[in-house]
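K.L.:
predicted model, plus sequence, below.
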Amino acid sequence: MRKLILSAYFLTASIFLFAQKLDEVEDRVKKGKYVEAKEKIDAVLADTKNQKSANAWYYKGKIYNELSKDSLKTDLDYRMEAFNAFKKYQELDPKNIMLTLEQNGSYFQLYEGYYNHGIKAFNQKKYDVAFSDFKNALMVKDYVYDKKYEVNGFKFAASKDYQDKPPCLWSNILPYLQNPFYDHSSPPGWDKYLYNHPLLI
């Protein structure tokens with residue numbers, strides 16, 4: 001009986017401690033202290049017991065998405081970390097409550113982030129980086145389209161709707177990136193695809 005009481009006590013204490021840690025994460029997010037929030041959510045998810053918490057993954061996605069907007073943070077692909085965290089959240093919470101409350105807007109932000117970063121890299125003639133960004137933007141776009149998400153009435157068009165238009169930018173970059181004699185300083189007309197058909201990606 002005593003062991004049962006002690007087990008219940010430690011279980012209750014563990015749940016309370018975890019909830020307190022998530023409250024601390026949420027507090028840092030509300031205050032815009034994303035670096036501190038990252039440290040705390042990383043510590044939470046480092047414990048395998050906490051990896052079953054849907055909300056923990058949601059907050060990781062939220063935090064990493066915000067950190068991806070900091071151009072000085074280049075140690076990892078924060079957008080991809082956020083994308084995978086949001087998908088993990090949805091796996092653990094099929095009702096998708098947290099993302100539904102924001103109209104799944106975080107996914108659209110990730111797409112926009114990849115797209116805009118790709119434009120910047122393209123203008124700086126960093127075509128390998130641009131290709132990676134546009135490819136990831138397309139991946140996020142396809143995921144959002146398949147889920148039929150929309151935000152404030154906006155939604156992505158199906159890929160098939162683009163069949164009668166010029167090929168998208170990133171697909172034109174690929175052959176040149178694979179060419180061992182590729183000259184990064186002279187893109188063969190890719191700018192017309194980027195500026196005339198921005199939604200193709």
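P.N.:
Thanks, I have the structure now.

K.L.:
what comes up buried for stretch 71-88?
P.N.:
Within stretch 71-88, the residues scored as buried using 16 or more other Cβ atoms under 10 Å are 77-83, 85-86, 88. Where C-beta positions appear, they are placed from N, C-alpha and C, glycine not excepted.

K.L.:
should've said stretch 41-48
P.N.:
Neighbour counts over stretch 41-48 (16+ other Cβ under 10 Å) mark 41, 44-45 as buried.

K.L.:
tell me the one of those nearest Leu101?
P.N.:
Lowest distance from Leu101 to the buried residues of stretch 41-48 (Cβ to Cβ) belongs to Ile41, with 18.8 Å.

K.L.:
which ones are touching that closest one?
P.N.:
By Cβ atoms under 8 Å, 6 or more residues apart in numbering, the contact set of Ile41 is 25, 56, 59-60, 63.

K.L.:
name the SS class of it, please.
P.N.:
Following DSSP: H, G, I helix; E, B strand; the rest coil, the label given to Ile41 is helix.

K.L.:
any idea how far Val25 is from it?
P.N.:
Computed as Cβ to Cβ, to the nearest Å, the Ile41 to Val25 distance reads 5 Å.

K.L.:
anything in contact with each of those two?
P.N.:
Common contacts of Ile41 and Val25 (Cβ under 8 Å, 6+ apart): 56, 59, 63.

K.L.:
pLDDT averaged over the helix or strand encompassing the second one - what is it?
P.N.:
Read it as Tyr59. Using DSSP states H and E, Tyr59 maps to helix 54-67. Throughout helix 54-67, pLDDT has a mean value of 96.

K.L.:
who touches the helix or strand that comes right after it?
P.N.:
Sequence order places helix 78-92 as the next helix or strand after helix 54-67, per DSSP H and E. With contact meaning Cβ under 8 Å, 6+ apart, helix 78-92 is reached by 52-55, 57-58, 60-65, 67-68, 96, 98-99, 106-107, 110, 113-114, 136, 140, 143.

K.L.:
the same query, at a cut-off of 7 Å, please.
P.N.:
The contact list for helix 78-92, computed with Cβ atoms under 7 Å, 6 or more residues apart in numbering, reads 52, 54, 57-58, 60-61, 64-65, 67-68, 96, 98-99, 106-107, 110, 113-114, 136, 140.

K.L.:
buried subset of the contacts of Ile41 as a ChimeraX selection?
P.N.:
Applying 16+ other Cβ under 10 Å to the contacts of Ile41 leaves a buried subset, and the ChimeraX line that selects it is:
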select :25,56,59,60,63
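
K.L.:
tell me the one among the contacts of Ile41 nearest to Gly118.
P.N.:
When these are compared for distance to Gly118 (Cβ to Cβ), Ile63 wins out at 22.7 Å.
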